[in-house]
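**Q** Only the shape, not the letters, is given here:
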């Protein structure tokens, strides 16, 4: 990407000194971290309806009691994470809490569960956003994957522009959604109180399964997807303006109150009015149509729903890179995830999340009903480990009011543990087993990455290094050449500047071609030897490696040959495809060959920049 296009899309680079200026005030922070939780009514309501509808219309009367249970769990989780923010003001959320209080293994489980949760949230949110607008324009359903990928690209670019700009842009759909939806719920309540919207009676639905405790628990578990995103603020405390923990705590409380009101209000009206969607319509679309009819206000509701669902993916883009950065800082993920980009955001984490989310959207055909069963297990596993870790934290630190705090976190751990068990049992065959396999696999990957970094650190350690090192012998430089031209002359001049022992080598692919090269070589460098190596199988790299080993044995001076490789650098990137890239192949062969032979051969790369 050229600098001009890069700056146009992402903005000019920000200096490290501007980091404090990029931090978020509470209104913008609410917009950045809460869309997932606020938008969950768009698919959690739908999943509760689908979970109960298979038992007939009578079962739908349990929607509101299930919603009450979920909101009760929301209150407990919000209070628990409020304490996490106060106890760990540096951020990190479930991963840091579990690692410091339960040990590294459980910390990695929490970290893997969070990464999975954020990944699935992004895919579900974008897919649900497309489904919302397809409820109004059914023809778009056929193109849902392409539309979801386009929206994913937009949200990725917005996040790569920096935290502050993201907050400004995201605020528009978030606060637009809140205004429109609270307006709809208030207007619907007024109409109910005036008698303009009488209570409805559910139309008979076919019964495919009996109403059992298992079915009710299944509906509850699918509705618990509404609680994902609660932990996002605790992961991003350092994104807030000072005092960070106080502002993050206030924002968490506001988010929980708004979410609870939206969730209970929408499900309450849906059940009171006995709203049933059709096959091509979401339940929130059917509710809006019942309150406002099929006019412009209904379209506005659907547009707001799509907007909040699309930016709900932003919770993942705010949380995933920070958790990945914490893991990378502890050397459980590649260190690239720890680096801040030009715009003071974790660009590598954002790009990785975007690519992985796009693959999920394609794999699951942008179908929320296929993705949701994978959703809640990772979130509630992270909740459970975080709450359990906080109990140990209070018992260990015994800070002010630690008993009350420990009891509250213990209650949160018990409730989230029970919910996790319910979600696991009821969703196992729907795909929950995949999340467990994923988490086990990713924890193994974390440990392998850490093992690699530890091994590198041991090999590079100065411990045991002798105080005096034997000076190396005279440098012997081997220069592979393809022909004699201006670039060859530049490479040889550089080789002569670093060593008096320079040997050129030409690999003869066609019999007799080396003689022409020899004549031209001696015309320019009569004092330097040129070795001609025959290659009966028309390979360059194999014969050249054999020549290097043979030369070292011939000199037998305990000095390995240093290979100086001239390499063309064309002006345009695509010009590289017009050359055979022998230099790249030789460098790779030399790098990996040292492992087998147990020694390190030095490589000098001499770039020859072409002007046109």
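**A** Looks like it arrived, so ask away. Note that this is a predicted model, so its numbers are computed, not measured.
**Q** Got phi/psi on residue 25?
**A** Torsion angles at residue 25 (phi, psi; degrees, to the nearest 10) stand at phi -80, psi 170.
**Q** Quick check: chain neighbours aside, which residue is closest to it?
**A** In space, residue 25 comes closest to residue 241 once its chain neighbours are excluded; the distance is 5.7 Å by C-beta to C-beta, 6 or more residues apart in numbering. To be clear about C-beta, it is placed using only N, CA and C from the backbone, and glycine gets the same treatment.
**Q** so how far is residue 170 from the one you found?
**A** Look at residue 241 and residue 170: by C-beta to C-beta, to the nearest Å, they are 17 Å apart.
**Q** which one of those two has more residues nearby?
**A** Each of residue 241 and residue 170 has its neighbours counted (other C-beta atoms under 10 Å); residue 170 has more, 29 against 15.
**Q** I'd like the distance between the residue nearest to residue 25 and residue 500.
**A** 63 Å.
**Q** again with residue 290
**A** From residue 290 over to residue 500 (counting by C-beta to C-beta), the distance is 91 Å.
**Q** more crowded one of these two?
**A** More crowded of residue 290 and residue 500, by other C-beta under 10 Å: residue 290, with 19 against 10.
**Q** Make sure that one is actually in contact with residue 277.
**A** No. Contact criterion C-beta atoms under 8 Å: residue 290 and residue 277 do not qualify, at 10.1 Å.
**Q** so where's the stretch 201-350 of the chain uncertain?
**A** 279-280 (pLDDT under 70).
**Q** Domain map for this structure?
**A** Per the record, the chain has its domains at 46-455, 476-609, by automatic domain parsing.
**Q** Now these in TSV, please, with extra columns for distance to residue 9.
**A** Listed next are the domains of the chain as TSV, based on distance: least, C-beta to C-beta, whole Å:
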stretch	distance to residue 9
domain 46-455	6
domain 476-609	19
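**Q** closest one to residue 15 among those?
**A** domain 46-455 (8.7 Å; C-beta to C-beta).
**Q** how long is that closest one end to end?
**A** 50 Å (C-alpha to C-alpha, to the nearest Å).
**Q** just stretch 226-235 next, same as before
**A** First residue to last in stretch 226-235 (C-alpha to C-alpha) measures 18 Å.
**Q** same check, this time on stretch 272-289
**A** End-to-end distance of stretch 272-289: 15 Å, with C-alpha to C-alpha as the criterion.
**Q** just how off-centre is that stretch within its chain?
**A** The chain centre lies 33 Å from the centre of stretch 272-289; the measure is C-alpha atoms, centre = their mean, to the nearest Å.
**Q** cool, stretch 577-591 as well?
**A** On the basis of C-alpha atoms, centre = their mean, stretch 577-591 sits 33 Å off its chain's mean C-alpha point.
**Q** Also stretch 52-70?
**A** Distance, stretch centre to chain centre, for stretch 52-70: 35 Å (C-alpha atoms, centre = their mean).
**Q** Show me what counts as buried in it.
**A** Neighbour counts over stretch 52-70 (16 or more other C-beta atoms under 10 Å) mark 52-57, 59-60, 62-64, 66-67, 69-70 as buried.
**Q** How about stretch 278-286?
**A** Within stretch 278-286, the residues scored as buried using 16+ other C-beta under 10 Å are 281-286.
**Q** and if you look at stretch 157-164?
**A** For stretch 157-164, by 16+ other C-beta under 10 Å, it's 158-164.
**Q** and if you look at stretch 181-192?
**A** Under the neighbour-count criterion of 16+ other C-beta under 10 Å, stretch 181-192 has 181, 184-185, 188-189, 191-192 buried.
**Q** quick one: which of those sit in strands?
**A** Residues of these located in strands (DSSP state E): none.
**Q** From those, which land in helices?
**A** Cross-referencing these against helices under DSSP state H gives 181, 184-185, 188-189, 191-192.
**Q** Just give me the closest of those to residue 44.
**A** Nearest to residue 44, judged by C-beta to C-beta, of these is residue 181 at 14.1 Å.
**Q** For the helix or strand where residue 583 lies, which helices and strands make contact with it?
**A** In the assignment (DSSP states H and E), residue 583 maps to helix 582-597. The helices and strands touching helix 582-597, judged by 3 or more C-beta pairs under 8 Å, 6 or more residues apart in numbering; DSSP states H and E, are helix 541-555, strand 562-569, strand 603-609.
**Q** residues touching the nearest residue to residue 87 once chain neighbours are set aside, list them.
**A** Leaving aside its sequence neighbours, residue 87 sits nearest to residue 393 (C-beta to C-beta, 6+ apart; 5.7 Å). Remark: with contacts taken as C-beta atoms under 8 Å, 6 or more residues apart in numbering, residue 393 is in contact with 87, 97, 100-101.
**Q** and which of those is nearest to residue 308?
**A** Nearest member of the contacts of residue 393 to residue 308, counting by C-beta to C-beta, is residue 97, at 28.9 Å.
**Q** before we move on, which element is the most centrally placed residue in the chain in?
**A** Geometric centre of the chain, nearest residue: residue 353, 2.8 Å, by C-alpha atoms, centre = their mean. Element membership for residue 353, per DSSP H and E: helix 347-363.
**Q** can you list contacts of that helix?
**A** 118-120, 122-123, 126-127, 145, 148-149, 152-153, 156, 159-160, 313, 316-317, 320-322, 324-325, 336-337, 339-341, 371.
**Q** cool, stretch 299-313 as well?
**A** With contacts defined as C-beta under 8 Å, 6+ apart, stretch 299-313 is touched by 31, 35-36, 38-40, 42-43, 121-122, 125-126, 128-130, 132-133, 135-136, 151-152, 154-155, 170, 173-174, 176-177, 180-181, 184, 229, 282, 284-285, 288, 292, 357.
**Q** Show the buried residues in these.
**A** Among those, those scoring as buried are 31, 35-36, 38-40, 42-43, 121-122, 125-126, 128-130, 132-133, 135-136, 151-152, 155, 170, 173-174, 177, 180-181, 184, 229, 282, 284-285, 288, 292, 357 (criterion: 16+ other C-beta under 10 Å).
**Q** Tell me who's in contact with the nearest residue to residue 583 once chain neighbours are set aside.
**A** Nearest residue to residue 583, sequence neighbours excluded (C-beta to C-beta, 6+ apart): residue 567, at 4.1 Å. Residues counted as contacts of residue 567 (C-beta under 8 Å, 6+ apart) are 583, 605-608.
**Q** Need these in TSV (columns: neighbour count, pLDDT and distance to residue 10).
**A** Listed next are the contacts of residue 567 as TSV, based on neighbours: other C-beta atoms under 10 Å; pLDDT from 0 to 100; distance: C-beta to C-beta, whole Å:
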residue	neighbour count	pLDDT	distance to residue 10
583	18	81	32
605	11	88	31
606	17	86	34
607	13	86	28
608	15	82	32
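**Q** now those as TSV including distance to residue 296?
**A** Output for the contacts of residue 567, formatted as TSV (distance: C-beta to C-beta, whole Å):
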residue	distance to residue 296
583	64
605	65
606	68
607	62
608	65
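**Q** returning to that earlier point: okay, who's weakest in the contacts of residue 393 by pLDDT?
**A** In terms of pLDDT, the lowest of these is residue 87, showing 78.
**Q** Isn't that one up against residue 390?
**A** Yes. With contact defined as C-beta under 8 Å, residue 87 reaches residue 390; the gap is 6.5 Å.
**Q** okay, these two: which has more neighbours?
**A** Higher neighbour count among residue 87 and residue 390: residue 390, with 27 against 20, using other C-beta under 10 Å.
**Q** Please list all residues in contact with the more buried one.
**A** 80, 83-84, 87, 97, 101, 405-406, 409, 412.
**Q** and after the host helix or strand of it, which helix or strand comes next?
**A** Using DSSP H and E, residue 390 sits in helix 376-397. Using DSSP H and E, the helix or strand that follows helix 376-397 in sequence is helix 402-427.
**Q** chain center to the helix or strand following that following helix: distance?
**A** Later in the chain than helix 402-427, the nearest helix or strand by DSSP H and E is helix 433-460. Here helix 433-460 is found 17 Å from its chain centre; the criterion is C-alpha atoms, centre = their mean.
**Q** counting contacts, what elements does helix 433-460 pack onto?
**A** Taking 3+ C-beta pairs under 8 Å, 6+ apart as the contact cut, helix 433-460 packs with helix 104-134, helix 376-397.
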